[in-house]
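A.B. asks: Mind looking at a prediction? Sequence and model below.
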Amino acid sequence: MDTWIRHYRQLPDTRQREVFFNALVQHYTDLFDATEVGFLLLDESLHVLSSNALAADLLGHTPATGQQIPRPGDLFELDEDHEDSDCVITRALEEQRPCQTELTVRRNGELHWLRLTAISVAMLDSRQVLMMVQDISAEKRLEADVEAKQQQLDKARTRDALTGLHNRRYILEELDHLNAKAKRYGTPFSICLIDLDHFKSVNDTYGHDIADEVLQCLANLIQDELRDADITARYGEEEFMVLLPETGVEDAVHTINRLRQRFTESRVPGINRSLTLSAGVMQWEAGLSREQLVFKTDQRLAMAKYAGRNQVCGDIDETE
């Protein structure tokens, strides 16, 4: 473009410049048509000097030479708040650099994405703006598909397929984060291990499908009973882990006891008896590693089992 402009300025008279300008416009019309890009050449007042047919198709409006180009909102329904195209053109004129914006629009109920690029040029002894219009709908839909697939992969990496809770890998990473935060700021948290009582018997008596329903039932209650800030995961076959940020052991025991009671009162189709769970809860202690925190929580779970199951153990005498 710079070479063309220099050549244009070296032409000796106005008539030659006009002929050259028209030839140049036709050249770029053919070029933009071949590359499937709409274009409009505008003067400083945003009046149309030239355009191609694709610009009319993309904008849903046939630009008339000598008339001012309408705002996008006058041509079609904008799906969101967007910077007006004439603001992009004004910036290109003022800053004398390429400026770009994207519009999400609805035309006849269908969603489209347009990219508008404005470039300031100086010809015909004045300054003009070349505005290019591209339909980037396919590109945007591809980006959305890639993002959706990435989210599915992330979910598969961090979620248990049966219960929808997080998996062991994820919650151990979160435990590391909470442990590091507590060591730095002294922020307390509690950790809990939950185990279904006599789950092997349920599996052997009622089969895997019913056993899976039991796991899903408990997972649903966990999601319903705990806070959004709490982190939950299926930790093993019939074992679940819960991290309760900024929660002391007494409040944590109360929360898990409430969950235990609700689970005991629940019924799973196909099982004509109550189901129970046992749990161990402990509050963060300074100087312990992740493995030590899990081990000491598991000790409390073992104590709850030893004491008769269907209970929550939050404190054991470790001096004996």
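C.D. replies: Everything's here; your move.
A.B. asks: Now tell me which helix or strand of the chain has the poorest mean pLDDT.
C.D. replies: In the chain, the helix or strand scored least confidently by mean pLDDT, DSSP states H and E is strand 77-78, which has a mean of 49.
A.B. asks: What strand or helix carries Leu41?
C.D. replies: Using DSSP states H and E, Leu41 sits in strand 38-43.
A.B. asks: for the helix or strand harbouring Leu193, packing partners?
C.D. replies: Secondary structure assignment for Leu193, by DSSP H and E: strand 189-196. Using 3 or more CB pairs under 8 Å, 6 or more residues apart in numbering; DSSP states H and E, the elements in contact with strand 189-196 are helix 168-185, helix 208-225, strand 239-245, helix 249-265, strand 277-283, helix 290-306. All C-beta spots, glycine's among them, are computed from the backbone N, C-alpha and C.
A.B. asks: residues of the very next helix or strand once past it that come out buried?
C.D. replies: Toward the C-terminus, strand 189-196 is succeeded by helix 199-206 as the next helix or strand (DSSP H and E). By 16 or more other CB atoms under 10 Å, the buried positions in helix 199-206 come out as 199, 202-203.
A.B. asks: residues contacting the closest residue in space to Glu102 that isn't next to it in sequence?
C.D. replies: Nearest non-adjacent residue to Glu102, counting by CB to CB, 6 or more residues apart in numbering: Arg115, 5.1 Å away. For Arg115, the contact set (CB atoms under 8 Å, 6 or more residues apart in numbering) comprises 100-103, 133-134, 136.
A.B. asks: Mind checking which of those land in strands?
C.D. replies: Among the contacts of Arg115, the members found in strands (DSSP state E) are 100-103, 133-134.
A.B. asks: Tell me the buried residues within these.
C.D. replies: Buried residues within the ones in strands among the contacts of Arg115, counting neighbours by 16+ other CB under 10 Å: 101, 103, 133-134.
A.B. asks: Flag every buried residue along stretch 185-202.
C.D. replies: Buried residues in stretch 185-202, counted by 16+ other CB under 10 Å: 188-197, 199, 202.
A.B. asks: Over to stretch 44-62?
C.D. replies: Applying 16+ other CB under 10 Å to stretch 44-62 flags 46-52, 54-55, 58-59, 61 as buried.
A.B. asks: ok, Val253 - how many residues close by?
C.D. replies: 23 (other CB atoms under 10 Å).
A.B. asks: ignore the last one, Asp135
C.D. replies: Neighbourhood size, Asp135 [other CB under 10 Å]: 17.
A.B. asks: right, and it touches Glu110 too?
C.D. replies: No. If you go by CB atoms under 8 Å, Asp135 and Glu110 don't touch, sitting 11.7 Å apart.
A.B. asks: Which residues does the residue nearest to Glu102 form beta bridges with?
C.D. replies: Note on Arg115: beta-bridge partners by DSSP bridges are Glu102, Gln134.
A.B. asks: Next one: it from Thr104, what distance?
C.D. replies: 11 Å (CB to CB, to the nearest Å).
A.B. asks: Return the distance of stretch 54-70 from the chain's centre.
C.D. replies: 36 Å (CA atoms, centre = their mean, to the nearest Å).
A.B. asks: Which residues are in contact with the closest residue to Glu250 other than its chain neighbours?
C.D. replies: Distances taken as CB to CB, 6+ apart place Gly314 nearest to Glu250, at 7.3 Å, with adjacent residues excluded. For Gly314, the contacting residues are 249-250, 252-253, 280-282, 300, by CB under 8 Å, 6+ apart.
A.B. asks: Which pair of those residues spans the longest distance?
C.D. replies: Using CB to CB, the contacts of Gly314 reach their maximum pairwise distance at Glu250 and Gly280, which is 14.6 Å.
A.B. asks: out of those two, which sits in the more crowded spot?
C.D. replies: In this view Glu250 and Gly280 are compared by other CB under 10 Å, and Gly280 has more residues nearby, 25 against 13.
A.B. asks: so who does the more buried one touch?
C.D. replies: Gly280 neighbours (CB under 8 Å, 6+ apart): 192-193, 297-304, 312-314.
A.B. asks: Quickly list what Cys313 is bridged to.
C.D. replies: Beta-bridge pairing for Cys313 (DSSP bridges): Gly280.
A.B. asks: what about it, how many neighbours?
C.D. replies: Cys313 - counted by other CB under 10 Å - has 22 other residues nearby.
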